[in-house]
Structure formats: structure tokens, C-alpha cells
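S.K.: Here is a sequence together with a model predicted from it:
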Amino acid sequence: MDDQQMKPDLLAQLSAALKDADIRILHTGDDMAPALNDWRGRFRGAALAVLQPESTAAVARAVRACADLGIQIVPQGGNTGLCGGATPGDAQTEVVLSLSRLNHVRNVDKVGSALTLRISFVETSFSTERPASAKAPSRLVEPLAAIP
């Protein structure tokens, strides 16, 4: 089987293995483009697909499915590294496991003055705005400041 036949077959097997999981599977060029290039534009790659799980359980399921199918994984947190380690190679046989959807406010503890967050930084700049879903008491100090 040549590479052109292998890609759709492997993608179909991966999609079938993850059909009930809360994982977004991107497989077209425009959808995958942000995950295939580093933020500085110095490294470019290609991938079979980009997987965007919604939870840590979905991350585990994606890793298990890829291992079962012999698919290599390129983990990607915020894609802000400087050495290209989160950029896939050119063979289109790897998947990018993007953690970009793991970015939710899980709990606001007004008594304990604490926020419980599930975070993945997915932009190259930071915002000092609070997430719309977080109605934190005004006396809480945000631990991250904008970096120019």
C-alpha cells in the first residue's frame, strides 16, 4: 500500500476508534494549518490529523488509539516553543495532539479566594481579561500579567 492509500485508511481507522470520544479531529489543510506551523513561522510540517480533546480522559483515549494504530504523536501545548518540538515532520504519518481545548474555568471558590482552572495557552499573546465564565470576587489577584 502506498502513502496516498495509507493516509485515508489510517485516518478512517483513527476516526472510528475515536467516534464516541469528545475529540475534535481536524484533517483538512485550512483547519490544521495553525497546528502545523510554529508561532514564529520558522518550522513547518504536515500531519495526518490534528486531535483536539476536550478533557484529560479524551487525551488518554487519543493516546491509546494512536498507540494501538501505530501512529506517532506530536504533543502541542501552546505552540509557543522556540525549537520546533511541537511541529510535526513532513511525512503526514503523525498526529498533532493539541491541548488547545483544555482551557476552562472549573471552579470559583469565593470563600477560599481561589480559581480552579484547566488551562492551555493557545495564543502567542496574553490577555489580562478574565474569562467570561468566571465571576471571581474583585479582591482576587490574577496570577498572570500581560507580557509585552
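M.R.: Sure thing, it's come through.

S.K.: so which helix or strand takes in Ala65?
M.R.: For Ala65, the host element (DSSP states H and E) is helix 56-69.

S.K.: What helices and strands are in contact with the next helix or strand along the chain from that helix?
M.R.: Going down the chain from helix 56-69, the next helix or strand is strand 72-76, by DSSP H and E. Other elements packing on strand 72-76 under the criterion 3 or more CB pairs under 8 Å, 6 or more residues apart in numbering; DSSP states H and E are helix 56-69, strand 94-98. (Each C-beta comes from the backbone N, C-alpha and C, glycine too.)

S.K.: which other residues reach the longest one?
M.R.: Taking contacts as CB atoms under 8 Å, 6 or more residues apart in numbering, the residues outside helix 56-69 that touch it are 10, 13-14, 17-18, 21-23, 51, 53, 71-73, 95, 97, 99, 102.

S.K.: Buried among these? Need that as a selection in PyMOL.
M.R.: Of the contacts of helix 56-69, the buried ones can be selected in PyMOL as follows, counting by 16 or more other CB atoms under 10 Å:
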select buried, resi 10+14+17+18+21+23+51+53+71+95+97+99+102
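
S.K.: Just to be sure, Pro8 is in a strand?
M.R.: No - going by DSSP: H, G, I helix; E, B strand; the rest coil, the assignment for Pro8 is helix, not a strand.

S.K.: Just give me the neighbour total for it.
M.R.: Pro8 has 11 neighbouring residues, counting by other CB atoms under 10 Å.
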